[in-house]
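Engineer: model this:
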Amino acid sequence: MTELAQDPYALNLDTIKFGSSNIHLLSCDHMPNKTPTQNPWPEIASQIQNSSLVFVEYFPPELETTAYNSRFIGRLAQEVGDYSGINSFFNEVASLAVRYKKDVAITDIANKPLYELYNFSLRMWFGPCILGSSLILSSHYALYLSSFLALAACYTFTGTYLNESNYPSKYESLFIDLNNARRLITAKALIQSAQESPDSETLYIAPHAHNRRIKQYIENHEGLSVRLKTKAYSLLPGLDKKTRVYRHSTDDNAWKKISSTN
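Structural biologist: Below you'll find the model as predicted:
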């Protein structure tokens, strides 16, 4: 199954052989305006049925106890989840996992308000550094203030654009971005799952932009840049970088966390 040229949001499957196991990256966007022309759910259901473990980008049952439960941004986060299709799409994925009796794994570090604070800070660090240096070196404060705020804005928006675009860019490595931290942490978790479970069929479901970058991280997991980024992102405290595995309990019709490992 490959992407259709006439439908950029068509369901796409990439399979990476890792030892005796397979890692399947199933790409389908949850945004309502980016859904495939053809109904993707029969293929998604088939992939879930044939998988050993289902990784997902977002897991609404967990979000209900984390981001959506925040006293500060819980209501807004819930509304964003509804508007962006996260809740409807991944609740349907969860329902299919229940049907086929599959555990669901999640490595999402964006499940806490702290994530957005870090993301904003990391994207904006460049501007204050350059601005501070310029003020020390020059008395033309107004000129340097406007010039370097413009430069900082260009840096920030360029980094955001590159990391959010559908296709990876070689210039992404010049920007610090927590969205790529999410992808790197997920890639590491998928590799670990494949290594710990020989002959397994690990499935990950996420939009195209995520999976294209995760594929690069998996294929270059021993590269210097990947190791450096892994170390850099590990320094951020307070984010849940563990792999959480949930299993549906038929006794009380609820998802329960059965493991949480680094």
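
Engineer: Just the buried residues of stretch 70-85, please?
Structural biologist: Of all the residues in stretch 70-85, those buried under the rule 16 or more other Cβ atoms under 10 Å are Ser70, Gly74, Ala77, Gln78, Gly81, Ser84, Gly85. Every C-beta, even on glycine, is put in place using the N, C-alpha and C of the backbone.

Engineer: Revised request: answer the last question for stretch 250-261.
Structural biologist: For stretch 250-261, by 16+ other Cβ under 10 Å, it's Trp255.

Engineer: what's the answer for stretch 35-47, then?
Structural biologist: By 16+ other Cβ under 10 Å, the buried positions in stretch 35-47 come out as Thr35, Pro36, Pro40, Glu43, Ile44, Ala45, Gln47.

Engineer: Tyr100: which of those residues is nearest?
Structural biologist: For the buried residues of stretch 35-47, the residue nearest Tyr100 by Cβ to Cβ is Ala45; the value is 7.8 Å.

Engineer: could you give me the average pLDDT of the host helix or strand of Ser260?
Structural biologist: Assigned by DSSP states H and E, Ser260 belongs to strand 254-261. Taken as a whole, strand 254-261 carries a mean pLDDT of 94.

Engineer: Now do Thr66 against Pro113, distance only.
Structural biologist: 9 Å (Cβ to Cβ, to the nearest Å).

Engineer: any idea which helix or strand comes after the helix or strand where Arg75 lies?
Structural biologist: In this structure, Arg75 sits in helix 74-83 according to DSSP H and E. Next along the chain after helix 74-83, taking DSSP H and E as the criterion, comes helix 86-99.
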